[in-house]
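>>> Would you be able to build a 3D model of this:
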Amino acid sequence: MKCFLFVLRLIIVRLKVMIIQILIERGLIMNYLIAASFLFVSLLCVFGGIYLFKKRTVNKYSSVNSFIFLSVGILLLMYVIFLIFLN
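Predicted coordinates:
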C-alpha cells in the first residue's frame, strides 16, 4: 500500500511539473507571476507606509517616508490591475 501511494505521489508531482512547463513555454503563466510579485511588493509598500504614518512621532521625516511608501504602493497596485485585466 505504501509503495502504491509513493508511485501515485510521484505521478502527481510529475504531472504538475509538466503542466507548469507547458504554461511557461506558452507564456501563459509569466504575466501572473509578474503580477503576483508586484502585488506582494505593493502591499508591502502600502502597509509599510501605514506603519510609518502611525509611528510618525519618532522621526520628523517619517511622514514623508510614509507618503513615499504609500504612493509607490498605490502605483504598483494600479500596475498590477493593469497587468491582470488587460492580459
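>>> contacts and neighbour counts: CA atoms only from here.
Fine.
>>> and residue 10, how many neighbours?
When neighbours are defined as other CA atoms under 10 Å, residue 10 has 12 of them.
>>> Please shift the residue numbers so they start at 260 in all later answers.
I'll keep to 260 as the first residue from here, and by that count the last item is residue 269.
>>> How much space separates it from residue 298?
Distance, residue 269 to residue 298, by CA to CA, to the nearest Å: 32 Å.
>>> cool, and residue 323?
23 Å.
>>> who has more neighbours, the two?
Taking neighbours as other CA under 10 Å, residue 323 and residue 298 compare with residue 298 leading, 19 against 15.
>>> Residue 335 is in contact with that one, correct?
Yes: contact status for residue 298 versus residue 335: in contact at 7.1 Å, counting by CA atoms under 8 Å.
>>> Quick one: mean pLDDT over the helix or strand that contains residue 276.
Counting by DSSP states H and E, the element that carries residue 276 is helix 261-285. For helix 261-285, mean pLDDT is 72.
>>> Could I get the buried residue list for that helix?
For helix 261-285, burial by neighbour count (16 or more other CA atoms under 10 Å) applies to no residue.
>>> ditto for stretch 330-339
330-333, 335-336, 339.
>>> So which of these is the closest to residue 280?
Proximity of the buried residues of stretch 330-339 to residue 280 was ranked by CA to CA; the top entry is residue 339 with 23.6 Å.
>>> gap between that closest one and residue 328?
Counting by CA to CA - residue 339 and residue 328 are separated by 16 Å.
>>> Thanks a lot, catch you later.
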